[in-house]
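# structure for this input, please:
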Amino acid sequence: MSAFRYKALNTEGRLIKGVLEADSERHLRAQLRAQNLRPVEVRGVEVKMTKGRRPRFTLFRAGLSASELALITRQLATLVASALPLDECLQAAAEQTRKPSIKSILLEVRSRVSEGYTLASGMAQYPQAFGEMYRAMVHAGEQAGQLAPVLEQLAEHTENRQLTAQKLKLAMIYPFVLMGVAVSVVAALMVFVVPELVGIFTHTKKELPPLTVGLIATSDFLRDWGLYLLMGLLLSVVVIRQLLQEPRRRLRWHQLLLQIPGINRVLVGIDTARFSSTLSILMGSGVPLLDALHIAGSVMSNRELQKAAIKVADNVQEGSSLNKALSQGDCFPPMMVHMVASGEVSGELEVMLERSATNQERELEMTLGTVMGLFEPMMVILMGGVVLIIVLAILLPIFDLNTMVR
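Okay, here's the model as predicted:
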(Lines give C-alpha, C1' and ligand atoms only; values in the text may rest on other atoms or scores of the structure.)
Protein backbone atom coordinates (compact mmCIF):
# COMPACT_ATOMS: atom_id res chain seq x y z
CA MET A 1 0.00 0.00 0.00
CA SER A 2 0.95 3.64 -0.50
CA ALA A 3 -0.08 6.90 1.11
CA PHE A 4 -2.31 9.30 -0.83
CA ARG A 5 -3.37 12.87 -0.13
CA TYR A 6 -6.93 13.67 -1.12
CA LYS A 7 -9.50 16.45 -1.35
CA ALA A 8 -13.16 15.47 -1.23
CA LEU A 9 -16.62 16.98 -0.71
CA ASN A 10 -18.88 15.71 2.05
CA THR A 11 -22.68 15.51 1.95
CA GLU A 12 -22.90 19.18 2.98
CA GLY A 13 -20.64 20.28 0.13
CA ARG A 14 -17.72 21.15 2.43
CA LEU A 15 -14.17 20.48 1.22
CA ILE A 16 -12.25 17.94 3.30
CA LYS A 17 -8.51 17.23 3.09
CA GLY A 18 -6.62 14.27 4.45
CA VAL A 19 -4.24 11.37 3.96
CA LEU A 20 -5.22 7.72 3.52
CA GLU A 21 -3.50 4.49 2.61
CA ALA A 22 -4.64 2.46 -0.39
CA ASP A 23 -3.41 0.07 -3.07
CA SER A 24 -4.10 2.57 -5.84
CA GLU A 25 -5.89 5.81 -6.60
CA ARG A 26 -8.93 3.82 -7.73
CA HIS A 27 -8.98 1.93 -4.43
CA LEU A 28 -8.73 5.23 -2.53
CA ARG A 29 -11.64 6.75 -4.48
CA ALA A 30 -13.71 3.69 -3.64
CA GLN A 31 -12.85 4.14 0.07
CA LEU A 32 -13.91 7.78 -0.07
CA ARG A 33 -17.21 6.96 -1.78
CA ALA A 34 -17.89 4.32 0.88
CA GLN A 35 -17.59 7.14 3.44
CA ASN A 36 -20.12 9.28 1.49
CA LEU A 37 -17.35 11.55 0.23
CA ARG A 38 -17.03 12.69 -3.38
CA PRO A 39 -13.34 12.73 -4.48
CA VAL A 40 -12.12 15.97 -6.02
CA GLU A 41 -8.35 15.41 -6.14
CA VAL A 42 -6.12 12.43 -5.30
CA ARG A 43 -2.34 12.58 -5.33
CA GLY A 44 0.24 10.04 -4.29
CA VAL A 45 2.93 10.92 -1.76
CA GLU A 46 5.89 10.44 -4.09
CA VAL A 47 9.52 10.32 -3.09
CA LYS A 48 12.16 10.80 -5.79
CA MET A 49 15.63 9.57 -5.00
CA THR A 50 18.61 11.76 -5.81
CA LYS A 51 22.35 11.27 -5.59
CA GLY A 52 23.80 10.20 -2.30
CA ARG A 53 20.59 8.38 -1.32
CA ARG A 54 18.98 11.66 -0.35
CA PRO A 55 15.30 11.91 -1.31
CA ARG A 56 13.74 15.03 -2.69
CA PHE A 57 10.10 15.51 -1.91
CA THR A 58 7.76 16.77 -4.55
CA LEU A 59 4.76 17.55 -2.36
CA PHE A 60 6.33 18.80 0.87
CA ARG A 61 9.52 18.95 2.85
CA ALA A 62 9.59 15.90 5.07
CA GLY A 63 10.99 17.50 8.18
CA LEU A 64 10.07 17.01 11.83
CA SER A 65 10.69 19.38 14.68
CA ALA A 66 12.30 18.09 17.87
CA SER A 67 8.94 18.08 19.68
CA GLU A 68 7.21 16.19 16.88
CA LEU A 69 10.00 13.62 16.65
CA ALA A 70 9.98 13.14 20.42
CA LEU A 71 6.22 12.58 20.46
CA ILE A 72 6.30 10.10 17.56
CA THR A 73 9.21 8.19 19.10
CA ARG A 74 7.48 7.96 22.47
CA GLN A 75 4.28 6.69 20.81
CA LEU A 76 6.16 4.09 18.77
CA ALA A 77 8.12 2.94 21.83
CA THR A 78 4.90 2.44 23.82
CA LEU A 79 3.14 0.63 20.97
CA VAL A 80 6.07 -1.64 20.13
CA ALA A 81 6.51 -2.52 23.82
CA SER A 82 2.86 -3.68 23.86
CA ALA A 83 3.78 -6.45 21.36
CA LEU A 84 1.69 -5.05 18.48
CA PRO A 85 2.89 -5.75 14.92
CA LEU A 86 5.14 -2.99 13.65
CA ASP A 87 2.86 -1.96 10.78
CA GLU A 88 -0.07 -1.63 13.19
CA CYS A 89 2.09 0.51 15.48
CA LEU A 90 2.88 2.86 12.61
CA GLN A 91 -0.78 2.93 11.57
CA ALA A 92 -1.85 3.82 15.12
CA ALA A 93 0.79 6.54 15.41
CA ALA A 94 -0.36 7.98 12.07
CA GLU A 95 -3.98 8.05 13.22
CA GLN A 96 -3.05 9.93 16.39
CA THR A 97 -1.46 12.87 14.57
CA ARG A 98 -3.44 15.67 12.99
CA LYS A 99 -0.67 17.14 10.85
CA PRO A 100 -0.99 15.85 7.25
CA SER A 101 2.75 15.90 6.54
CA ILE A 102 3.56 13.76 9.60
CA LYS A 103 0.72 11.36 8.78
CA SER A 104 2.05 11.04 5.22
CA ILE A 105 5.53 10.20 6.48
CA LEU A 106 4.28 7.53 8.90
CA LEU A 107 1.96 5.95 6.36
CA GLU A 108 4.70 5.82 3.75
CA VAL A 109 7.07 4.19 6.26
CA ARG A 110 4.29 1.73 7.15
CA SER A 111 3.89 0.90 3.46
CA ARG A 112 7.58 0.05 3.21
CA VAL A 113 7.41 -2.08 6.36
CA SER A 114 4.35 -3.92 4.99
CA GLU A 115 6.34 -4.71 1.83
CA GLY A 116 8.98 -6.49 3.92
CA TYR A 117 11.51 -3.72 4.51
CA THR A 118 12.91 -2.98 7.93
CA LEU A 119 11.82 0.06 9.91
CA ALA A 120 15.23 1.68 9.45
CA SER A 121 15.00 1.18 5.66
CA GLY A 122 11.55 2.76 5.61
CA MET A 123 12.81 5.74 7.59
CA ALA A 124 15.79 6.11 5.27
CA GLN A 125 13.41 7.63 2.69
CA TYR A 126 13.07 10.64 4.99
CA PRO A 127 16.56 11.66 6.18
CA GLN A 128 15.31 15.17 7.00
CA ALA A 129 12.79 13.68 9.44
CA PHE A 130 14.84 10.78 10.85
CA GLY A 131 18.54 11.60 11.16
CA GLU A 132 21.44 9.24 10.60
CA MET A 133 21.90 8.61 14.32
CA TYR A 134 18.19 7.87 14.72
CA ARG A 135 18.17 5.35 11.86
CA ALA A 136 21.40 3.70 13.05
CA MET A 137 19.92 3.10 16.50
CA VAL A 138 16.70 1.73 15.04
CA HIS A 139 18.71 -0.59 12.78
CA ALA A 140 20.79 -1.81 15.73
CA GLY A 141 17.64 -2.40 17.78
CA GLU A 142 16.05 -4.40 14.99
CA GLN A 143 19.16 -6.51 14.51
CA ALA A 144 19.39 -7.27 18.24
CA GLY A 145 15.65 -7.82 18.67
CA GLN A 146 15.51 -4.96 21.19
CA LEU A 147 13.56 -2.38 19.21
CA ALA A 148 11.27 -1.33 22.07
CA PRO A 149 14.10 -0.51 24.55
CA VAL A 150 16.03 1.30 21.82
CA LEU A 151 12.98 3.39 20.94
CA GLU A 152 12.53 4.21 24.64
CA GLN A 153 16.13 5.37 24.79
CA LEU A 154 15.68 7.38 21.62
CA ALA A 155 12.54 8.99 23.04
CA GLU A 156 14.36 10.04 26.21
CA HIS A 157 17.30 11.37 24.20
CA THR A 158 15.03 13.37 21.87
CA GLU A 159 13.00 14.77 24.77
CA ASN A 160 16.15 15.79 26.65
CA ARG A 161 17.52 17.47 23.54
CA GLN A 162 14.24 19.33 23.07
CA LEU A 163 14.24 20.40 26.73
CA THR A 164 17.81 21.71 26.50
CA ALA A 165 17.05 23.64 23.32
CA GLN A 166 13.93 25.08 24.91
CA LYS A 167 15.90 26.25 27.95
CA LEU A 168 18.43 28.01 25.73
CA LYS A 169 15.68 29.69 23.69
CA LEU A 170 13.87 30.89 26.82
CA ALA A 171 17.11 32.23 28.26
CA MET A 172 17.77 34.24 25.09
CA ILE A 173 14.26 35.65 24.62
CA TYR A 174 14.52 38.45 27.17
CA PRO A 175 17.94 39.80 26.07
CA PHE A 176 16.89 39.87 22.42
CA VAL A 177 13.58 41.54 23.25
CA LEU A 178 15.44 44.10 25.36
CA MET A 179 17.92 44.77 22.55
CA GLY A 180 15.11 45.10 20.00
CA VAL A 181 13.18 47.54 22.18
CA ALA A 182 16.32 49.58 22.85
CA VAL A 183 17.18 49.87 19.16
CA SER A 184 13.57 50.72 18.27
CA VAL A 185 13.32 53.45 20.94
CA VAL A 186 16.61 55.07 19.90
CA ALA A 187 15.65 54.92 16.21
CA ALA A 188 12.24 56.50 16.98
CA LEU A 189 13.90 59.28 18.98
CA MET A 190 16.40 59.99 16.22
CA VAL A 191 13.84 59.95 13.38
CA PHE A 192 10.76 61.58 14.92
CA VAL A 193 11.64 63.42 18.16
CA VAL A 194 15.12 64.86 17.65
CA PRO A 195 14.34 66.73 14.36
CA GLU A 196 11.45 68.55 16.05
CA LEU A 197 13.51 69.57 19.07
CA VAL A 198 16.68 70.67 17.30
CA GLY A 199 14.83 72.32 14.43
CA ILE A 200 14.66 75.57 16.39
CA PHE A 201 18.47 75.75 16.44
CA THR A 202 19.03 75.36 12.70
CA HIS A 203 17.73 78.87 11.93
CA THR A 204 20.04 80.59 14.41
CA LYS A 205 23.31 82.02 13.19
CA LYS A 206 25.16 80.90 16.27
CA GLU A 207 27.50 77.98 15.83
CA LEU A 208 26.08 74.84 17.37
CA PRO A 209 28.09 72.52 19.65
CA PRO A 210 29.78 69.60 17.86
CA LEU A 211 27.64 67.12 19.78
CA THR A 212 24.45 68.77 18.49
CA VAL A 213 25.79 68.94 14.94
CA GLY A 214 26.59 65.23 15.05
CA LEU A 215 23.14 64.44 16.42
CA ILE A 216 21.43 66.43 13.67
CA ALA A 217 23.54 64.74 10.98
CA THR A 218 22.79 61.28 12.41
CA SER A 219 19.08 62.07 12.61
CA ASP A 220 18.98 63.32 9.02
CA PHE A 221 20.85 60.26 7.81
CA LEU A 222 18.49 57.81 9.57
CA ARG A 223 15.44 59.72 8.35
CA ASP A 224 16.61 59.82 4.72
CA TRP A 225 18.45 56.51 4.45
CA GLY A 226 17.20 54.41 7.39
CA LEU A 227 14.85 52.29 5.29
CA TYR A 228 17.52 51.64 2.68
CA LEU A 229 19.99 50.78 5.44
CA LEU A 230 17.58 48.22 6.89
CA MET A 231 16.95 46.70 3.47
CA GLY A 232 20.70 46.57 2.85
CA LEU A 233 21.29 44.73 6.13
CA LEU A 234 18.58 42.19 5.32
CA LEU A 235 19.96 41.71 1.81
CA SER A 236 23.47 41.25 3.21
CA VAL A 237 22.23 38.52 5.55
CA VAL A 238 20.56 36.70 2.63
CA VAL A 239 23.67 37.01 0.43
CA ILE A 240 25.99 35.81 3.20
CA ARG A 241 23.77 32.79 3.88
CA GLN A 242 23.81 31.92 0.19
CA LEU A 243 27.58 32.25 0.01
CA LEU A 244 27.99 29.99 3.05
CA GLN A 245 26.14 27.19 1.25
CA GLU A 246 29.39 26.49 -0.60
CA PRO A 247 31.36 23.89 1.44
CA ARG A 248 34.76 25.62 1.28
CA ARG A 249 33.38 28.99 2.37
CA ARG A 250 31.43 27.36 5.18
CA LEU A 251 34.55 25.53 6.38
CA ARG A 252 36.56 28.79 6.43
CA TRP A 253 33.72 30.51 8.28
CA HIS A 254 33.59 27.76 10.90
CA GLN A 255 37.36 27.93 11.29
CA LEU A 256 37.08 31.68 11.87
CA LEU A 257 34.38 31.19 14.51
CA LEU A 258 36.64 28.81 16.42
CA GLN A 259 39.32 31.52 16.60
CA ILE A 260 37.07 34.13 18.25
CA PRO A 261 37.55 34.16 22.04
CA GLY A 262 34.39 33.41 23.97
CA ILE A 263 32.40 32.19 20.97
CA ASN A 264 34.76 29.27 20.36
CA ARG A 265 34.21 27.99 23.90
CA VAL A 266 30.44 27.95 23.46
CA LEU A 267 30.59 26.29 20.02
CA VAL A 268 33.04 23.62 21.17
CA GLY A 269 30.95 22.96 24.28
CA ILE A 270 27.74 22.50 22.29
CA ASP A 271 29.24 20.22 19.64
CA THR A 272 31.39 18.08 21.93
CA ALA A 273 28.46 17.55 24.30
CA ARG A 274 26.37 16.46 21.33
CA PHE A 275 29.22 14.22 20.16
CA SER A 276 29.58 12.53 23.57
CA SER A 277 25.84 12.02 24.06
CA THR A 278 25.34 10.61 20.56
CA LEU A 279 28.35 8.30 20.85
CA SER A 280 27.13 7.02 24.22
CA ILE A 281 23.64 6.25 22.93
CA LEU A 282 24.90 4.56 19.77
CA MET A 283 27.37 2.35 21.62
CA GLY A 284 24.74 1.48 24.22
CA SER A 285 22.44 0.39 21.39
CA GLY A 286 25.02 -2.00 19.96
CA VAL A 287 26.36 0.10 17.09
CA PRO A 288 30.06 -0.65 16.38
CA LEU A 289 32.51 1.97 17.64
CA LEU A 290 33.79 3.03 14.21
CA ASP A 291 30.29 3.44 12.81
CA ALA A 292 29.25 5.27 15.98
CA LEU A 293 32.21 7.68 15.66
CA HIS A 294 31.35 8.54 12.05
CA ILE A 295 27.68 9.09 12.90
CA ALA A 296 28.45 11.12 16.03
CA GLY A 297 30.86 13.28 14.02
CA SER A 298 28.19 14.02 11.42
CA VAL A 299 25.87 15.26 14.18
CA MET A 300 28.29 18.11 15.00
CA SER A 301 27.34 21.39 13.33
CA ASN A 302 30.83 22.89 12.95
CA ARG A 303 32.69 21.61 9.88
CA GLU A 304 36.11 21.98 11.49
CA LEU A 305 34.99 19.89 14.46
CA GLN A 306 33.56 17.33 12.03
CA LYS A 307 37.02 17.01 10.45
CA ALA A 308 38.49 16.46 13.91
CA ALA A 309 35.92 13.72 14.60
CA ILE A 310 36.76 12.01 11.30
CA LYS A 311 40.45 12.07 12.23
CA VAL A 312 39.56 10.48 15.59
CA ALA A 313 37.72 7.68 13.77
CA ASP A 314 40.69 7.14 11.44
CA ASN A 315 43.10 6.90 14.39
CA VAL A 316 40.84 4.41 16.18
CA GLN A 317 40.62 2.34 12.99
CA GLU A 318 44.42 2.25 12.88
CA GLY A 319 44.52 0.73 16.37
CA SER A 320 44.68 3.72 18.70
CA SER A 321 42.53 3.90 21.82
CA LEU A 322 39.66 6.37 21.86
CA ASN A 323 41.12 8.61 24.57
CA LYS A 324 44.48 8.88 22.75
CA ALA A 325 42.72 9.66 19.49
CA LEU A 326 40.69 12.39 21.22
CA SER A 327 43.75 13.85 22.95
CA GLN A 328 45.57 14.25 19.61
CA GLY A 329 42.96 16.80 18.57
CA ASP A 330 42.87 20.24 20.16
CA CYS A 331 39.09 20.53 19.84
CA PHE A 332 37.97 18.12 22.55
CA PRO A 333 37.97 19.33 26.19
CA PRO A 334 40.57 17.71 28.51
CA MET A 335 37.88 16.67 31.00
CA MET A 336 36.11 14.71 28.26
CA VAL A 337 39.37 12.96 27.32
CA HIS A 338 40.07 11.99 30.96
CA MET A 339 36.54 10.64 31.45
CA VAL A 340 36.82 8.59 28.24
CA ALA A 341 40.13 7.16 29.44
CA SER A 342 38.52 6.25 32.76
CA GLY A 343 35.61 4.62 30.95
CA GLU A 344 37.90 2.53 28.75
CA VAL A 345 39.81 1.27 31.79
CA SER A 346 36.69 0.47 33.84
CA GLY A 347 34.71 -0.95 30.90
CA GLU A 348 31.96 1.67 31.31
CA LEU A 349 32.70 3.85 28.32
CA GLU A 350 29.03 4.52 27.50
CA VAL A 351 28.33 5.71 31.06
CA MET A 352 31.37 7.99 31.15
CA LEU A 353 30.52 9.48 27.76
CA GLU A 354 27.03 10.27 28.98
CA ARG A 355 28.43 11.85 32.16
CA SER A 356 30.84 13.88 30.06
CA ALA A 357 27.98 15.15 27.91
CA THR A 358 25.93 16.02 31.00
CA ASN A 359 28.84 17.91 32.57
CA GLN A 360 29.49 19.87 29.39
CA GLU A 361 25.80 20.77 29.04
CA ARG A 362 25.69 22.02 32.63
CA GLU A 363 28.87 24.04 32.13
CA LEU A 364 27.42 25.47 28.93
CA GLU A 365 24.18 26.45 30.69
CA MET A 366 26.17 28.17 33.45
CA THR A 367 28.30 30.02 30.91
CA LEU A 368 25.30 31.19 28.91
CA GLY A 369 23.51 32.16 32.12
CA THR A 370 26.48 34.29 33.17
CA VAL A 371 26.73 35.91 29.74
CA MET A 372 23.01 36.67 29.64
CA GLY A 373 23.14 37.97 33.20
CA LEU A 374 25.87 40.43 32.20
CA PHE A 375 24.19 41.30 28.92
CA GLU A 376 21.05 42.70 30.51
CA PRO A 377 22.69 45.41 32.69
CA MET A 378 25.11 46.22 29.85
CA MET A 379 22.16 46.90 27.56
CA VAL A 380 20.55 49.11 30.21
CA ILE A 381 23.81 51.05 30.65
CA LEU A 382 24.25 51.39 26.87
CA MET A 383 20.67 52.56 26.45
CA GLY A 384 21.10 55.08 29.24
CA GLY A 385 24.33 56.35 27.67
CA VAL A 386 22.68 56.86 24.27
CA VAL A 387 19.74 58.71 25.82
CA LEU A 388 22.17 60.84 27.86
CA ILE A 389 24.04 61.85 24.69
CA ILE A 390 20.77 62.80 22.97
CA VAL A 391 19.64 64.88 25.96
CA LEU A 392 23.01 66.66 26.22
CA ALA A 393 23.02 67.40 22.50
CA ILE A 394 19.61 69.06 22.88
CA LEU A 395 20.34 70.92 26.14
CA LEU A 396 23.75 72.38 25.22
CA PRO A 397 22.33 74.88 22.65
CA ILE A 398 19.60 75.82 25.15
CA PHE A 399 22.25 76.63 27.76
CA ASP A 400 24.06 78.79 25.18
CA LEU A 401 20.82 80.69 24.41
CA ASN A 402 20.30 81.36 28.10
CA THR A 403 23.85 82.71 28.34
CA MET A 404 23.23 85.05 25.35
CA VAL A 405 19.97 86.38 26.87
CA ARG A 406 21.75 87.21 30.15
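
# how many other residues sit next to residue 19?
21 (other CB atoms under 10 Å). (Each C-beta comes from the backbone N, C-alpha and C, glycine too.)

# and the pLDDT at the residue nearest to it when sequence neighbours are not counted?
Closest residue to residue 19 in three dimensions, ignoring its sequence neighbours and counting by CB to CB, 6 or more residues apart in numbering: residue 103, at 4.6 Å. In this prediction, residue 103 carries a pLDDT score of 84.

# ok now the host helix or strand of residue 103, how far from the chain's centre?
Taking DSSP states H and E as the criterion, residue 103 maps to helix 100-114. Distance of helix 100-114 from its chain centroid, counting by CA atoms, centre = their mean, to the nearest Å, is 24 Å.

# which other helices and strands contact the next helix or strand after it?
Using DSSP H and E, the helix or strand that follows helix 100-114 towards the C-terminus is helix 119-123. Where contact means 3 or more CB pairs under 8 Å, 6 or more residues apart in numbering; DSSP states H and E, helix 119-123 is packed against helix 100-114, helix 132-144.

# tilt between the helix or strand just after the shortest one and helix 132-144?
Next in sequence after helix 132-144, counting helices and strands by DSSP H and E, comes helix 147-188. Using axes from the mean of the first three to the mean of the last three CA atoms, to 10 degrees, one finds that helix 147-188 and helix 132-144 are set 170 degrees apart in direction.

# low-scoring stretches of this structure, by residue?
1-3, 21, 23-24, 44-63, 198-206, 400-406 (pLDDT under 70).

# and the residue nearest to residue 19, what does it touch?
By CB atoms under 8 Å, 6 or more residues apart in numbering, residue 103 lies in contact with 3, 19, 94, 95, 97.

# wait, what's in contact with the third one?
Taking CB under 8 Å, 6+ apart, we find residue 94 in contact with 19, 102, 103, 106, 107, 110.

# and those, which two are the farthest apart?
Spatially, the most separated pair among those is 102 and 110, at 12.5 Å (CB to CB).

# what's the closest non-adjacent residue to residue 379?
Residue 379 sits nearest to residue 178 (CB to CB, 6+ apart), 5.3 Å away.

# near the one you found, how many other residues are there?
15.

# tell me the contacts of it?
By CB under 8 Å, 6+ apart, the neighbours of residue 178 are 376, 379, 380.

# count the neighbours of residue 196 for me.
Residue 196, neighbours per other CB under 10 Å, totals 8.

# before we move on, the earlier item: please report how far the residue nearest to residue 379 lies from residue 314.
46 Å (CB to CB, to the nearest Å).

# now residue 87
Taken as CB to CB, the span from residue 87 to residue 314 is 40 Å.

# same deal with residue 79?
For residue 79, the distance to residue 314 - CB to CB - is 40 Å.

# more neighbours: those two, which one.
Per other CB under 10 Å, whichever of residue 79 and residue 314 has more neighbours is residue 79, with 21 against 14.

# am I right that residue 396 is in contact with residue 210?
No - checked against CB atoms under 8 Å, the pair residue 396 and residue 210 is beyond contact range at 9.4 Å.

# so for these two, which sits in the more crowded spot?
Using other CB under 10 Å as the criterion, residue 396 and residue 210 rank with residue 396 on top: 16 against 10.

# check contacts around that one.
209, 211, 212.

# now the last one, what's its secondary structure?
Think residue 212. For residue 212, the secondary structure call by DSSP: H, G, I helix; E, B strand; the rest coil comes out as helix.

# quick one: residue 16 is in a strand?
Yes - according to three-state DSSP, residue 16 belongs to a strand.

# for beta bridges, what are the partners of the closest residue to it other than its chain neighbours?
Nearest residue to residue 16, sequence neighbours excluded (CB to CB, 6+ apart): residue 8, at 5.3 Å. Residue 8 has the following beta-bridge partners by DSSP bridges: residue 16, residue 39.

# related to what we said a few turns ago, out of the helices and strands packed on helix 119-123, nearest to residue 391?
So among the helices and strands packed on helix 119-123, helix 100-114 is nearest, using CB to CB, at 53.9 Å.

# which stretches of the stretch 301-406 of the chain form helices?
Using DSSP state H, counting those that start in this stretch, the helices of the stretch 301-406 of the chain run over 303-317, 322-327, 334-346, 349-405.

# distance to residue 64 for the ones you listed - can I get that in JSON lines?
Converted to JSON lines, these look like this (distance: least, CB to CB, whole Å):
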{"stretch": "helix 303-317", "distance to residue 64": "23"}
{"stretch": "helix 322-327", "distance to residue 64": "31"}
{"stretch": "helix 334-346", "distance to residue 64": "29"}
{"stretch": "helix 349-405", "distance to residue 64": "23"}
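
# looking at those, which is nearest to residue 173?
helix 349-405 (10.0 Å).

# chain center to that closest one, what's the gap?
On CA atoms, centre = their mean, the centre of helix 349-405 falls 25 Å from the chain's centre.

# now do that helix against helix 334-346, angle only.
Using the same axes, to 10 degrees: helix 349-405 against helix 334-346 is 170 degrees.
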